[in-house]
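Colleague: Fold the following for me, if possible:
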Amino acid sequence: MIREAMSGDVELVADLIRRSFADVAVRFGITADSCPTHPSNCTPAWIAEGMGKGARYFVLEDGGRACGCVAMEPGGVGQDAGDGCLNGAVRLAGPDRQYGRGRRRYAHRQSHQT
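Modeller: Now for the predicted structure:
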């Protein structure tokens, strides 16, 4: 199931993003000190701030367990910048990759674009 995250989900979304980027952070030695804005250091405050600016987050749940998320932020390119939508990356934690979940979320994200 894919559902839109609400303000009460900021901890969940931040955790999903951190876990999704944890392997990259380990591989490249990224820490909160060396790169505080890397997604592996995502905080609930970042998510709340994004929501406050109009970003929408969608959570993928499988078997009642949250296993990924995707962000959609207001924006666009050129003259229609106010009408468009910038897509965030489809994020899955390592163990949840390779099961077609990313494709499901990507299709869901595309269906919500203006």
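
Colleague: contacts and neighbour counts: CA atoms only from here.
Modeller: Fine.

Colleague: Could you check which helix or strand contains L16?
Modeller: According to DSSP states H and E, L16 maps onto helix 10-28.

Colleague: go on, I30?
Modeller: Here I30 is assigned to no helix or strand, by DSSP H and E.

Colleague: Distance-wise, check it relative to L16.
Modeller: 17 Å (CA to CA, to the nearest Å).

Colleague: More neighbours: which of these two?
Modeller: Taking neighbours as other CA atoms under 10 Å, I30 and L16 compare with L16 leading, 24 against 17.

Colleague: Could you measure from the closest residue in space to the more buried one that isn't next to it in sequence over to D15?
Modeller: Spatial nearest neighbour of L16, excluding adjacent residues (CA to CA, 6 or more residues apart in numbering): G68 at 6.0 Å. Per CA to CA, G68 is found 10 Å from D15.

Colleague: of these two, who's got more company?
Modeller: G68 (27 against 18).
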